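> Predicted coordinates and the sequence they were generated for:
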Amino acid sequence: MLSRRLALVENLLAAIPFAVVAVVAFAGVLSRYFFNASLAFTSELTVNLAVWMIMMGTVIGLRERAHLGFSVLYDRARGAARTVLTVAVTVAVLTFLAVLLYFGLDMALQQAERGRATPSIGIPQWMFTLALPVGALLGVYRTLRASRSGFGTSTVERTPGEETDR
């Protein structure tokens, strides 16, 4: 049950920025085409929301076991080699996510402390930077679930969105 609710949150944290980027980019194109005026905030907002989309897309990829590195070699390995691959990939991913969590949280806290805001629209920068530690935490959870199940079945054998509560 927790996993399904978390999946909903992950999907929303990916879909909402995507929808905002689509609308803002479309508005920017229309303003340039019809009014010959560029909206300065469109590129700033698009780039900053891309951080949220990338982080949540990564977490969703971990959840869906859609990353090629999780399946290509693993599907070919047997026995002890498969166990070694599971441990090695898990340690590598968790190490990366721990570094991302540490430095992302540090950066977001520094930005909040200094009151740093985006230049054009004045949104606090930490709100965008927070995507790094949030994505890292969710990624740790999804990586541990994937490693616990031995990375489950191949991505070819699974249907999209298939979620197990192991």
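On my side now, so go ahead.
> and the helix or strand hosting Asn11, what's its mean pLDDT?
Following DSSP states H and E, one finds Asn11 within helix 2-35. For helix 2-35, mean pLDDT is 92.
> ditto for stretch 114-124
Along stretch 114-124, the predicted local confidence has a mean pLDDT of 91.
> CA atoms only: put stretch 43-58 into PDB for me.
Taking only C-alpha atoms (Å, rounded to 0.1, in the frame of the first residue of the first chain), the coordinates of stretch 43-58 have been written out as PDB:
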ATOM      1  CA  SER A  43      13.500  29.600 -20.000                       C
ATOM      2  CA  GLU A  44      14.300  30.100 -16.400                       C
ATOM      3  CA  LEU A  45      11.200  28.200 -15.200                       C
ATOM      4  CA  THR A  46      11.700  25.500 -17.900                       C
ATOM      5  CA  VAL A  47      15.300  24.800 -16.900                       C
ATOM      6  CA  ASN A  48      14.600  24.800 -13.200                       C
ATOM      7  CA  LEU A  49      11.500  22.500 -13.500                       C
ATOM      8  CA  ALA A  50      13.600  20.100 -15.700                       C
ATOM      9  CA  VAL A  51      15.600  19.300 -12.500                       C
ATOM     10  CA  TRP A  52      12.400  18.000 -10.900                       C
ATOM     11  CA  MET A  53      11.400  16.100 -14.000                       C
ATOM     12  CA  ILE A  54      14.800  14.400 -14.400                       C
ATOM     13  CA  MET A  55      15.000  13.400 -10.700                       C
ATOM     14  CA  MET A  56      11.500  12.000 -10.600                       C
ATOM     15  CA  GLY A  57      12.000  10.300 -14.000                       C
ATOM     16  CA  THR A  58      15.000   8.600 -12.500                       C
END
